[in-house]
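# Sequence below, structure please.
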Amino acid sequence: MRRLILFIPLAIFFVMGIFLWRGLQLDPTELPSALIDKPMPAFQLSSLYDESRTLTERDLQGKSALLNVWATWCPTCKQEHAQLNKIAREEGVTIYGINYKDDRTKARDWLQRYEDPYVINIYDEKGTLGLDLGVYGAPETYVLDRNGVIRYRHVGEVNEKVWQQLREIMQGLDGGAS
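Now for the predicted structure:
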């Protein structure tokens with residue numbers, strides 16, 4: 001009985017060590033999404049530039065694209081913005097934006113100052129679309145196929161290394177980036 005009592009703390013330590021070691025192997029930018037391989041959630045929100053224009057999930061169909069969640073209050077969004085402009089300008093990739101929980105005027109001014117890579121920019125002032133997508137915070141980028149189905153989700157900055165991964169995914173889709 002005494003040996004068993006001495007073994008219990010050792011067993012607990014061993015089990016905890018396995019869980020902690022496993023946690024070190026996880027990538028914090030790979031957050032699972034229940035929406036992978038599902039269509040974009042239904043929404044009706046205004047365009048960032050034209051308050052009278054209502055955008056829906058149907059506006060995000062037709063070709064494979066990136067869907068980028070961004071905001072002016074997000075420092076990482078500013079870091080990735082030059083890369084998004086490069087992707088749109090030099091590679092001709094369609095990028096849709098979701099301006100997340102932001103001020104419309106600040107967002108317009110920000111895009112005028114830093115250039116606008118977005119074909120369509122959805123104004124999500126209250127974060128309802130972000131909530132439906134499971135957004136943890138900005139930036140997040142999704143790969144959409146031509147039917148508006150979510151194929152991949154990246155949490156964090158899109159830099160050159162991340163873009164190479166996203167490009168590979170898009171190339172596997174019909175009408176993807178070349």
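# ok, residue 96 touching residue 60?
Yes. If you go by CB atoms under 8 Å, residue 96 and residue 60 touch, sitting 5.6 Å apart. Any C-beta I mention is one placed from the backbone N, CA and C, and that applies to glycine too.
# Show me whatever sits in contact with both of these two.
67, 120, 144 (CB atoms under 8 Å, 6 or more residues apart in numbering).
# And the nearest residue to residue 123 once chain neighbours are set aside, how close does it get to residue 35?
Leaving out its chain neighbours, the residue that sits closest to residue 123 by CB to CB, 6 or more residues apart in numbering is residue 48, at 4.5 Å. As judged by CB to CB, to the nearest Å, residue 48 and residue 35 stand 23 Å apart.
# all strands for this structure, in order.
38-39, 44-46, 54-56, 65-70, 95-100, 120-124, 140-144, 149-155 (DSSP state E).
# Work out the gap between the first one and the centre of the chain.
Same thing as strand 38-39. Distance, stretch centre to chain centre, for strand 38-39: 15 Å (CA atoms, centre = their mean, to the nearest Å).
# And the contacts of it?
Strand 38-39 is contacted by residues 57, 147-150 when judged by CB under 8 Å, 6+ apart.
# Selecting buried members of those in PyMOL, what would you type?
Listed next is the PyMOL selection for buried residues among the contacts of strand 38-39, using 16 or more other CB atoms under 10 Å:
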select buried, resi 57+148+149+150
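# just the contacts of strand 38-39 now: which is nearest residue 140?
Proximity to residue 140 was ranked across the contacts of strand 38-39 by CB to CB; first place goes to residue 150, at 11.2 Å.
# list the contacts for the closest one?
Per CB under 8 Å, 6+ apart, neighbours of residue 150: 33, 35-40, 142-144.
# how about these in CSV, adding pLDDT?
Rendered in CSV, the data for those read as follows (pLDDT from 0 to 100):
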residue, pLDDT
33, 70
35, 89
36, 94
37, 95
38, 96
39, 97
40, 97
142, 97
143, 97
144, 98
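# So among the residues you listed, which ones count as buried?
The buried subset of the contacts of residue 150 (16+ other CB under 10 Å) comprises 33, 35, 40, 142-144.
# Out of those residues, the closest to residue 171 would be?
Among these, residue 143 lies closest to residue 171 (CB to CB), at 10.6 Å.
# List the beta-bridge partners for the closest one.
Beta-bridge pairing of residue 143 under DSSP bridges involves residue 66, residue 152.
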